[in-house]
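# Attaching a predicted model along with its sequence, questions to come.
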Amino acid sequence: MRSVALGAVLVSLSCLGLSGCTGFSRGVTEAIIGRGEQAGVDVRQCHARGPSFEGLDASMRRQDEIPIGDPRSSLKVLMVHGIGDHIPGYATRLGENLARSLGLGRTERRFKQFSLIPDQETVVDLGVLRVTRFTDAEAVRELLFYELTWDPIVEEEKQTLAFDSSPEYAFRRTAINNAMKSFVNATVPDVLMYQGTSKEAILASVAVSMCWMFSHDWQTLPNGSDPQHCGLDHPRYLGYLEDDYAFITHSLGSRIVTDALQALPDNADRAPPVTQERLGNIFRRRLPVFMLSNQLPLLQLGQPPLEVSGQIDTLCTEEFDPSSGRFYQEIALVAFSDPNDVMSYPIPQGYVDEHVDSRMCPSLVNVVLNIAEPISIFGTRLADPLTAHSGYEDDPRVIGMITHGLGNEWVAPIVSERCEWLETP
């Protein structure tokens, strides 16, 4: 019976990242091993370790204080996916859950979506940026949710493996083995290509997305089929200095965004003087990065040593001093991981000290929680690895921590009730 239960879990694991398998894997698992002895009782754990931090609602409160009739500010959040196959709209539920938690009950009838290119002369597909606008009933509060789909960059090269998954060959495998091989073919190449030939294009995709986020409000964003470019030479780059910015990543996206944020100060010298001045405003800010199913430790393997490491306490004093070589006031990393997710990793402080550039002035909150509900079968505890990897967008503790922070007077009740917190200075 245990081998049957293990088979059910392997089916779930093999379907990881393949949306068509979700219902099948979950249904097979539940049918074979049931809900366990704790049915009806949520026994999932949640442990957070790190300093207190504000959530996205801090931006909403600042918007509330702006007198009616004065120019409005906005909260702009960029979502960057990781491994697997994605199509535009993959983060719709996450955006809506964030908006709901922030008290934003209205959205535009249509989103804005356009393809990205590296420059006006080079027509290379860098993916698709979809922007959704959320507001409250009075349009006092505004969230612009930017969803980047960079999959087109790697789609063509991944076709090298297409024959392996085709009906012409795949029928020779057993069903479970074929599903597992399909998972490998859909996900592992993303990591290999980011570490190799596709890294430059993927980082360019994020940089162009950041430019659109920094340089436009809802009214001036393009919409349509024409490919669009935005770069450091954009005349309105960072023209919205009163806006607030945040990043949400999933799996490989954690490494992509941290690399992109590090590249921004490195590239600032080639920007026009007015852009360099505006960039100084961004560098003096706290920029939060919420990393779901974080993979930073895995993706660090095989990388060369950093130019500057182990100097956070020296460089990151309270007063920002760019002459010291410091890049940012603070890059606030909030890393979420489920121990039952075979594709994510927690981040110890030692990793940040050694493997995150000290000039980024990183802070760390490590959140270890059960996204998937553990179940029991003949004394063996099991959890669905699919949910453990991809169920963050529906978990109210995750949404509550992103939107209302930790260790402050606005913390979400479910986080206070369900999560243990060890504060670090």
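Cool, got the structure.

# Leu144 in helix, strand or coil?
strand (DSSP: H, G, I helix; E, B strand; the rest coil).

# For the residue nearest the centre of the chain, pull up the helix or strand it's in.
The centroid of the chain falls nearest to Thr249 when counting by C-alpha atoms, centre = their mean (0.9 Å). In this assignment (DSSP states H and E), Thr249 forms part of strand 244-250.

# Please apply the same query to Pro288.
strand 286-292.

# That strand relative to strand 244-250, how many degrees between them?
Going by axes from the mean of the first three to the mean of the last three C-alpha atoms, to 10 degrees, strand 286-292 is angled at 20 degrees with respect to strand 244-250.

# before we move on, the earlier item: which residues touch the residue nearest to the centre of the chain?
79-82, 256-257, 289-292, 294 (C-beta atoms under 8 Å, 6 or more residues apart in numbering). Where C-beta positions appear, they are placed from N, C-alpha and C, glycine not excepted.

# Go again with 7 Å.
80, 257, 289, 291-292 (C-beta atoms under 7 Å, 6 or more residues apart in numbering).

# Report the residue spans of the stretch 51-200 of the chain with pLDDT below the cut-off.
120, 161-166, 169, 180, 185 (pLDDT under 70).

# Strands along that one, start to end?
Taking DSSP state E, counting those that start in this stretch, the strands of the stretch 51-200 of the chain run over residues 75-80, 106-107, 112-115, 128-135, 142-149.

# Give me the contacts around the second one.
It stands for strand 106-107. 132-137.

# Nearest to Ala170 among the residues you listed?
Nearest to Ala170 out of the contacts of strand 106-107 is Thr132 (C-beta to C-beta; 36.7 Å).

# follow-up on the earlier one: how about the strands of the stretch 51-200 of the chain in a markdown table, adding mean neighbour count and distance to Asn281?
Below are those laid out as a markdown table (neighbours: other C-beta atoms under 10 Å; distance: least, C-beta to C-beta, whole Å):
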| stretch | mean neighbour count | distance to Asn281 |
| --- | --- | --- |
| strand 75-80 | 26 | 14 |
| strand 106-107 | 15 | 29 |
| strand 112-115 | 18 | 25 |
| strand 128-135 | 22 | 22 |
| strand 142-149 | 25 | 19 |
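
# Nearest to Ser363 among those strands would be which one?
Closest among the strands of the stretch 51-200 of the chain, using C-beta to C-beta: strand 75-80, at 18.8 Å.

# Give me the residues contacting the closest one.
By C-beta under 7 Å, 6+ apart, the list of residues contacting strand 75-80 reads 56, 59-60, 91, 94, 142-148, 206, 209-210, 213, 243-249, 253, 256-257.

# Can you show me the helices along the stretch 1-150 of the chain?
Remark: helices assigned in the stretch 1-150 of the chain by DSSP state H, counting those that start in this stretch are 2-14, 22-33, 57-64, 92-101.

# Just the buried residues of the last one, please?
Neighbour-count burial for helix 92-101 flags 94-99, 101 (criterion: 16 or more other C-beta atoms under 10 Å).

# Output those residues as a markdown table; include the columns distance to Thr122.
Formatted as a markdown table, those follow (distance: C-beta to C-beta, whole Å):
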| residue | distance to Thr122 |
| --- | --- |
| Leu94 | 32 |
| Gly95 | 30 |
| Glu96 | 35 |
| Asn97 | 37 |
| Leu98 | 34 |
| Ala99 | 35 |
| Ser101 | 40 |
